[in-house]
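> no letters, just coordinates:
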């Protein structure tokens, strides 16, 4: 993966395919649960597709920890996570996994 | 008050294609849906044919009322959603106008476990056997870890037995009873019968009832081959399913789905519905004998038929036609014939019997539903489809089996049998609905 931009396109393609949406309907700011109307089972599907594509495995609690981190950063509780869990946050997470770099 | 129960919509996906008209056209013409297996290398299998639905996974997904659910549905479940949508469309019911808690679901389905019915043979190999050169597990612990890593996380949720009923409830916002029956080859007949009982009691106004199954996959072929239940007549694969024939040697695997919209008389009248048929009888009984053997005295089959007749308040002579379980196995057909003679007495000699399994194979959990849909269509068209492939009627099956072409005749009442592994027996009776609004029923 050359750049985070390339990665974003790939993640958006995966998300769009899983949710049967046109890729142009998905962007970094799209909230999985609110804007894209995903349900928890969709996140499992997207996670599996990302693991297969990029060759790493999410650890069991990693997505939960990611969401908790997001909540802590924004000073909100876990129940507000649907408001905050965006495609961009998932791209950041995958970018960290495959490049070892934190997002800017 | 005991409500009468009417069929106001039917839908079907069969090995002949999608929709009731296609289904009926082929049945009426007496065509075989048997095909040589080409979806995986079955060359080493004792049985190398089946009656599969030709539609691909993507084609089925395109026909779903909500395509986004496609990834959550097995082949059988997709076919179920498509058949139910056809039935709902025909009923003319706008589900948004129903009182949700009075609207229920009742489905006959298989329990399929972690290995998904819709898996391709390659997925199947990699997920189940995990025996590629690179990833051959070195220990039992590693085997399970590989399975954990490779299995798609949606497989478990695709494969739960109540997936169809859950998705139907979500699709149509049916907030009432949401039931699943997993009783082998009687599953969908029982689902329909039990739904009828709920409607009669007035516990629901409308129920979508039926079933689906997809036995045309390597796992099922292996399972039923191991049990010796399948025909191995590969040379004459289109003539292999031959219920009641002297030389029958087993059944043919099929796949498909069939659903009916069942509705109380009160609800039909309220919306001026035009019923296709009335569901008037249901019997359910266990052999309590052996898991795969049927008892020679046919005790469960006899009681199920007798119960259904009693339930329908019919004398044996008032049944115009029997859609038999008629599997084409050595065991079933003579025992079913004996049961029919025991229940119907002299009338058994003149009641036309047919087995649509001769054409579409055995849908297992979906069999009772698709055969009841065939029966609704037989009433509509005043025509009994033939049992194909009979060359020599088995002397142990002395019945008026419709053969050599369809038989045109007026039909008021049809009894439909379903029997299954575990000693399950279920029987349904329908009649023409031409007197719905004149009959004293309340």
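Structure's in. What do you need? Remember, predicted model here, so these are calculated numbers, not experimental data.
> how about the residues of chain B by chain A?
Within chain B, the positions adjacent to chain A are B:67, B:68, B:70, B:71, B:72, B:149, B:152, B:153, B:154, B:157 by Cβ under 8 Å from any Cβ of the partner chain. No exception for glycine: its C-beta is placed from N, CA and C like everyone else's.
> ok, residue A:24 to chain B distance?
17 Å (Cβ to the nearest Cβ, to the nearest Å).
> quick revisit: and the residues of chain B next to chain A, which of them are buried?
B:70, B:71, B:72, B:152, B:154 (16 or more other Cβ atoms under 10 Å in any protein chain shown).
> for the residues you listed, which one is nearest residue B:206?
residue B:72 (24.6 Å; Cβ to Cβ).
> and that closest one, what does it touch?
A:41, B:154, B:157, B:158, B:163, B:167 (Cβ atoms under 8 Å, 6 or more residues apart in numbering or on different chains).
> biggest separation within the residues you listed, which pair?
Longest span within the contacts of residue B:72, Cβ to Cβ: B:154 and B:167, 13.2 Å.
> before we move on, which element is the closest residue in space to residue B:63 that isn't next to it in sequence in?
Closest residue to residue B:63 apart from its sequence neighbours, by Cβ to Cβ, 6 or more residues apart in numbering or on different chains: residue B:82 at 4.8 Å. Assigned by DSSP states H and E, residue B:82 belongs to helix B:75-91.
> and the buried ones among the residues of chain B next to chain A, which is the shakiest by pLDDT?
Lowest pLDDT of those: residue B:152, 84.
> ok, now how distant is that one from residue A:44?
Relative to residue A:44, residue B:152 is positioned 9 Å away (Cβ to Cβ, to the nearest Å).
> what does residue A:10 give?
Counting by Cβ to Cβ, the gap from residue A:10 to residue A:44 is 19 Å.
> over to residue B:173?
Distance, residue B:173 to residue A:44, by Cβ to Cβ: 25 Å.
> residue B:8: which of the contacts of residue B:72 is nearest?
Distance ranking of those against residue B:8, using Cβ to Cβ, places residue B:167 first at 21.2 Å.
> what angle do the strand or helix carrying the closest one and helix B:75-91 make?
Using DSSP H and E, residue B:167 maps to helix B:163-172. Here the directions of helix B:163-172 and helix B:75-91 differ by 40 degrees (axes from the mean of the first three to the mean of the last three Cα atoms, to 10 degrees).
> what packs against the strand or helix carrying residue B:304?
In this structure, residue B:304 sits in helix B:299-312 according to DSSP H and E. When contacts are defined as 3 or more Cβ pairs under 8 Å, 6 or more residues apart in numbering or on different chains; DSSP states H and E, helix B:299-312 packs onto strand B:277-286, helix B:332-344, strand B:413-420, strand B:424-432.
> buried residues, it. List them.
Within helix B:299-312, the residues scored as buried using 16+ other Cβ under 10 Å are B:299-309, B:311-312.
> on that earlier part again, any chance of the residues of chain B next to chain A in a markdown table, with secondary structure too?
Formatted as a markdown table, those follow (DSSP: H, G, I helix; E, B strand; the rest coil):
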| residue | secondary structure |
| --- | --- |
| B:67 | helix |
| B:68 | helix |
| B:70 | helix |
| B:71 | helix |
| B:72 | helix |
| B:149 | helix |
| B:152 | coil |
| B:153 | coil |
| B:154 | coil |
| B:157 | helix |
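> farthest pair in those residues?
B:67 and B:149 (29.0 Å).
> just the buried residues of helix B:299-312 now: which is nearest chain A?
Minimum distance to chain A across the buried residues of helix B:299-312 is 39.0 Å, recorded for residue B:304 (Cβ to the nearest Cβ).
> how about residue B:349: what's its closest non-neighbour residue?
Closest to residue B:349 by Cβ to Cβ, 6+ apart is residue B:400, at 6.7 Å.
> look up phi and psi at that neighbour.
The phi/psi pair for residue B:400 (degrees, to the nearest 10) reads phi -80, psi 80.
> again with residue B:203
Main-chain dihedrals, residue B:203, degrees, to the nearest 10: phi -80, psi -20.
> quick one: the helices in chain B?
B:20-29, B:57-62, B:75-91, B:121-124, B:140-150, B:155-158, B:163-172, B:187-200, B:218-226, B:265-270, B:299-312, B:332-344, B:357-360, B:367-381 (DSSP state H).
> in TSV, list those helices along with mean pLDDT.
TSV is the format used below for these (pLDDT from 0 to 100):
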stretch	mean pLDDT
helix B:20-29	98
helix B:57-62	94
helix B:75-91	97
helix B:121-124	54
helix B:140-150	77
helix B:155-158	84
helix B:163-172	97
helix B:187-200	98
helix B:218-226	89
helix B:265-270	96
helix B:299-312	98
helix B:332-344	97
helix B:357-360	98
helix B:367-381	98
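> turn the ones you listed into TSV, including distance to residue B:410.
As requested, the helices of chain B are exported to TSV (distance: least, Cβ to Cβ, whole Å):
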stretch	distance to residue B:410
helix B:20-29	16
helix B:57-62	37
helix B:75-91	23
helix B:121-124	48
helix B:140-150	58
helix B:155-158	44
helix B:163-172	34
helix B:187-200	24
helix B:218-226	38
helix B:265-270	23
helix B:299-312	18
helix B:332-344	19
helix B:357-360	23
helix B:367-381	9
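> winner for burial among these?
helix B:357-360 (a mean of 30; mean count of other Cβ atoms under 10 Å in any protein chain shown).
> so which elements touch that helix?
helix B:20-29.
> what's next to the helix it packs on, contact-wise?
With Cβ under 8 Å, 6+ apart as the criterion, helix B:20-29 contacts B:10-12, B:14, B:16-17, B:33, B:86, B:90, B:356, B:359-360, B:373-374, B:377, B:381, B:383, B:385, B:406.
> do the same with stretch B:364-371
Contact with stretch B:364-371 is made by B:12, B:14, B:76, B:108-110, B:182, B:184-192, B:209-213, B:215, B:254-260, B:323, B:325, B:356-357, B:360, B:363, B:416, B:418, B:426, B:428, as judged by Cβ under 8 Å, 6+ apart.
> quick check on the most centrally placed residue in chain A: phi, psi?
In chain A, the residue lying closest to the centroid (Cα atoms, centre = their mean) is residue A:90, at 2.3 Å. As for residue A:90, its main-chain torsions (degrees, to the nearest 10) stand at phi -70, psi -40.
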